[in-house]
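J.: 3D model of this:
(one chain, ligands or ions: 1)
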Amino acid sequence: MTRRIIGALAVCALSAACTGPQSAMDAHGASAIHLKQLIIWIVAICSLVWMLVMVVLIWALLRRRTEPPAANPSRERRMAGTVILATVATVVIITGFTIASFVTTRATNANDADFTVVVRGQQWWWELNYLDPDASRGFKTANEIHIPVGRNVKLQLESSDVIHSFWVPSLAGKLDLIPGRTNELTIRAERAGVYRGQCAEFCGLQHTHMSVFVIADEPAAFEAWRDAQRRPAAASADADAVAGQAVFLAKPCAACHTIRGTSATGTTGPDLTHLADRQTIAAGAFDTTRGSVAAWIADPQTLKPGNNMPMVPMSSDELRQLSAYMMSLK
Ligand SMILES: [Cu+2]
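T.: Model prediction:
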């Protein structure tokens with residue numbers, strides 16, 4: 001029984017965090033696959049060396065020693081030989097690791113990309129700017145990066161305030177977003193799916209609620225998504241939503257948020273033009289439902305304390321209309 005429990009625990013320990021949408025061991029991106037191979041080789045070789053050292057150590061400890069060995073030149077020579085051999089092996093292994101790391105770094109630095117997304121870290125969400133050679137076809141969104149499967153996409157990493165770090169472990173290594181600097185990371189997903197990431201550099205109070213999602217779509221679905229994003233917000237036929245738009249434009253909301261197709265052009269907060277198309281709000285903190293959007297607008301400081309959206313006073317009718325309007329932004 002105890003043996004079974006120990007066995008089960010060992011299996012759990014060995015397999016923990018090796019799968020799921022946010023694991024470097026569940027690699028689905030070209031550069032994450034290279035990194036995973038490197039990690040496996042290094043861990044395997046280091047484990048082997050460690051076991052060898054332990055075996056030799058135990059053997060040495062268990063060896064009976066009755067009296068100090070007499071001086072023996074041939075034995076001395078053998079021992080010197082062993083030490084030289086171990087030193088050479090160490091140098092060879094470390095040089096091998098260095099070369100392998102170098103080759104992996106080269107392989108992860110793809111420099112051809114289909115298009116570029118500027119990823120700007122903000123306390124505590126991700127502003128995304130899809131660049132297009134024709135500027136009128138570019139657009140902004142937040143927190144959810146759609147990319148086409150099997151294509152390289154260049155991320156231009158920037159920050160508005162403090163140092164953040166972009167890390168979607170299933171797709172690529174970690175890279176910092178540094179104020180006043182631009183870092184570049186090319187990502188690519190080999191399989192459709194949602195890959196979760198997390199800001200990986202402590203950036204203040206809501207650092208843990210600064211998730212990012214990479215959503216890899218089949219190319220046709222991606223094109224459809226991108227075309228929809230390029231369009232301004234569609235007018236809604238729903239009476240509450242229409243009233244909600246007027247509330248939005250009259251309240252301070254419009255000073256911080258952009259809704260393309262309206263007079264709202266603020267840039268402090270996420271672009272809301274297609275808010276209801278996103279799966280989550282507040283950088284992964286809540287699912288996008290009418291209830292959570294209403295709760296967020298009513299009291300953002302309780303839901304995500306310290307975030308940069310203030311509580312805007314309003315009546316319950318206004319709240320109902322605003323949340324209807326937000327959910328109409330598909
Ligand atoms: Cu951050």
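J.: ranges for the helices of this protein?
T.: Secondary structure of the chain by DSSP state H: the helices cover 2-15, 30-62, 73-108, 219-230, 239-250, 253-256, 290-298, 300-303, 316-328.
J.: of the ones you listed, which stretch is the most buried?
T.: helix 316-328 (a mean of 20; mean count of other C-beta atoms under 10 Å). Using the backbone N, CA and C atoms, a C-beta is placed for each residue, glycine as well.
J.: got the angle for it vs helix 290-298?
T.: 120 degrees (axes from the mean of the first three to the mean of the last three C-alpha atoms, to 10 degrees).
J.: who are the packing partners of helix 316-328?
T.: Judged by 3 or more C-beta pairs under 8 Å, 6 or more residues apart in numbering; DSSP states H and E, the packing partners of helix 316-328 are helix 239-250, helix 290-298.
J.: ok, which of the helices of the chain comes nearest the ion?
T.: Nearest to the ion, of all the helices of the chain, is helix 300-303, at 17.7 Å by C-beta to the ion.
J.: how far is that closest one from where the chain is centred?
T.: Put simply, helix 300-303 sits 24 Å off its chain's centre (C-alpha atoms, centre = their mean, to the nearest Å).
J.: only alpha carbons, please: show it as CSV.
T.: Extracted in CSV, the C-alpha atoms of helix 300-303 (Å, rounded to 0.1, in the frame of the first residue of the first chain):
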residue,chain,number,x,y,z
PRO,A,300,-12.9,47.9,-11.2
GLN,A,301,-10.9,48.6,-8.0
THR,A,302,-12.5,45.7,-6.1
LEU,A,303,-12.0,43.3,-8.9
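J.: kindly report the residues of the protein close to the ion.
T.: 164, 199, 203, 210 (C-beta under 5 Å from the ion).
J.: drop anything exposed from those.
T.: 164, 199, 203, 210 (16 or more other C-beta atoms under 10 Å).
J.: contacting residues around the third one?
T.: The contact partners of residue 203, by C-beta atoms under 8 Å, 6 or more residues apart in numbering, come to 121, 123-124, 161-164, 210.
J.: can you pull the domain assignment for this protein?
T.: The chain breaks down into these domains under automatic domain parsing: 20-61+74-108, 239-328.
J.: ok, back up a step: which of the buried ones among the residues of the chain next to the ion lies closest to residue 117?
T.: Nearest to residue 117, judged by C-beta to C-beta, of those is residue 164 at 15.3 Å.
J.: how close does residue 151 sit to residue 112?
T.: For residue 151, the distance to residue 112 equals 10 Å [C-beta to C-beta, to the nearest Å].
J.: give me the more crowded residue out of those two.
T.: More crowded of residue 151 and residue 112, by other C-beta atoms under 10 Å: residue 151, with 15 against 7.
J.: for the more buried one, which non-adjacent residue is spatially closest?
T.: Closest residue to residue 151 apart from its sequence neighbours, by C-beta to C-beta, 6 or more residues apart in numbering: residue 114 at 4.7 Å.
J.: state the phi and psi torsions of the one you found.
T.: Dihedral pair for residue 114: phi -70, psi -40, per degrees, to the nearest 10.
J.: any idea how far residue 223 is from it?
T.: Distance from residue 114 to residue 223, by C-beta to C-beta: 11 Å.
J.: what sits in contact with each of the two?
T.: residue 148.
J.: in the stretch 1-150 of the chain, what residue lies closest to the ion?
T.: For the stretch 1-150 of the chain, C-beta to the ion, closest residue to the ion: residue 121, 5.5 Å.
J.: distance-wise, check residue 315 relative to residue 213.
T.: Distance from residue 315 to residue 213, by C-beta to C-beta: 34 Å.
J.: do the same with residue 87
T.: With C-beta to C-beta as the criterion, residue 87 and residue 213 are 49 Å apart.
J.: ditto for residue 322
T.: Following C-beta to C-beta, the distance that separates residue 322 from residue 213 is 25 Å.
J.: one more: residue 111?
T.: 25 Å.
J.: quick one, which of these two is more surrounded?
T.: Counted by other C-beta under 10 Å, residue 111 and residue 213 do not tie: residue 213 has more neighbours, with 21 against 8.
J.: ok, and the closest non-adjacent residue to that one?
T.: residue 144 (4.7 Å).
J.: I'd guessed the one you found sits against residue 215; true?
T.: Yes - using C-beta atoms under 8 Å, residue 144 is in contact with residue 215, at 5.8 Å.
J.: so what's the predicted local confidence for residue 1?
T.: For residue 1, the pLDDT comes out at 62.
J.: before we move on, what about residue 136?
T.: 89.
J.: quickly list what residue 195 is bridged to.
T.: residue 214 (DSSP bridges).
J.: as CSV, the contacts of residue 203 with distance to residue 185 and pLDDT would be great.
T.: Output for these, formatted as CSV (distance: C-beta to C-beta, whole Å; pLDDT from 0 to 100):
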residue, distance to residue 185, pLDDT
121, 13, 96
123, 21, 94
124, 20, 94
161, 20, 94
162, 19, 96
163, 15, 97
164, 13, 98
210, 17, 97
